[in-house]
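Undergrad: sharing a model prediction with you, sequence too.
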Amino acid sequence: MWVIPGHNQTWVSEFILLGFSSDPTTNRILFTVFLLIYLSSVLGNGIIILLICLDTHLHTPMYFFLCILAMLDMAYVTTTMPQMLVHLLAHSKTISFAGCWMQMYLFGALALTECILFVVMAYDRYVAICYPLHYTVTLNWGLCIRLTAGSLVCGFLSALLHTFFTMSLPYCGPNKVNHYFCEGPAVLSLACMDIHLIEMVDHALSVFMILTPISLILASYIHIVMTVLRIKSSQARCKAFSTCASHLIVVTFFYGPSSYIYMRPNSSFSPERDKQISLFYNAFTALLNPIVYSLRNKDIKRAFLKAMAHGRVD
């Protein structure tokens, strides 16, 4: 704690992350499980990035956005998992105030960027299926880069405002965060002031930042479904739906748990349940994305088999 000169008030200089359990045996088991999840996530996303970069057949807008998603997933899971792994084995589970601030910001920035990127990927599928003859003209490389840059700027600026708003509140104790990382709602509950109004504003902003991308994605897929249903060939319809299935799966696994955490009423707050649910959009989504896209995507599988057979991708 910091003691402010001339005042009797103390201010938090570090937080204690309680994690999942205080039992050493349980923590060792969790360490093994989460280490495997983390390494698999990094390896899986790294392979997808490598294949897309090296195989010229994958140099299309769809795979460009998939490559950006894989990069975001690697960075996203790295903001929380390594520290959680250390805390599972270490006696001390503290994180400095500045470290908590930075972790909350990076986690929020990458999560919001991913939210927006999912909208961009839905738009990519919308143009490819609804306007296939104009696809390469509409989604040119200049627009792809601008959409990616715009997603990053919006994500990092929005997270900066949200994090500054949360961490500028007075924290004078207690400093035990009932979570495995510095997630906004868990830290906000420790502020030494009446946060009822602040929670209402924060909840409204969270709902807006989640519902807006979901609405845009739904609008894109409504147009896609209407277009696909007009296709006479059943084989062409199946192919069109197949190209969208992977995106819909990862969107569901990402938005489902995050919507529950950030859009549910404050009265239903449950730290233990929230910690478990947050693993889905934090750790498991980063692991799921490369599995879904590699198992369901013929181009990715073909590039991988070529790499294994020849030791390189032509």
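TA: Yep, that arrived.
Undergrad: thought residue 152 was touching residue 113, still the case?
TA: Yes. With the criterion set as Cβ atoms under 8 Å, residue 113 and residue 152 qualify as a contacting pair; they are 5.5 Å apart. In short, each C-beta sits where N, CA and C put it, glycine included.
Undergrad: which of those two has more residues huddled nearby?
TA: Taking residue 113 and residue 152 together and counting by other Cβ atoms under 10 Å, residue 113 has the greater number of neighbours (25 against 18).
Undergrad: starting at the chain centroid, how far to the host helix or strand of that one?
TA: Under the criterion DSSP states H and E, the helix or strand holding residue 113 is helix 97-130. Averaging C-alpha positions (Cα atoms, centre = their mean, to the nearest Å) puts helix 97-130 6 Å from its chain's average.
Undergrad: list the contacts of the next helix or strand after it.
TA: Downstream of helix 97-130, the next assigned helix or strand under DSSP H and E is helix 135-138. The contact list for helix 135-138, computed with Cβ atoms under 8 Å, 6 or more residues apart in numbering, reads 61, 127-128, 131.
Undergrad: kindly report the same for stretch 261-278.
TA: Taking Cβ under 8 Å, 6+ apart as the criterion, the residues outside stretch 261-278 that touch it are 20, 178-180, 183, 185-186, 189, 199, 203, 206-207, 210-211, 257, 260, 281.
Undergrad: buried residues in that stretch?
TA: 261-262, 264, 274-275, 277-278 (16 or more other Cβ atoms under 10 Å).
Undergrad: now the strands for this structure?
TA: If you assign secondary structure with DSSP state E, the strands in the chain sit at 2-3, 10-11, 14-17, 94-96, 176-177.
Undergrad: nearest residue to residue 109 other than its sequence neighbours?
TA: By the measure of Cβ to Cβ, 6 or more residues apart in numbering, the closest residue to residue 109 outside its immediate chain neighbours is residue 159, 3.7 Å from it.
Undergrad: OK, contacts around that neighbour?
TA: For residue 159, the residues meeting the contact criterion (Cβ under 8 Å, 6+ apart) are 105-106, 108-109, 111-112.
Undergrad: what's the spacing between it and residue 66?
TA: Here the distance between residue 159 and residue 66 works out to 23 Å (Cβ to Cβ, to the nearest Å).
Undergrad: then residue 149?
TA: Relative to residue 66, residue 149 is positioned 17 Å away (Cβ to Cβ).
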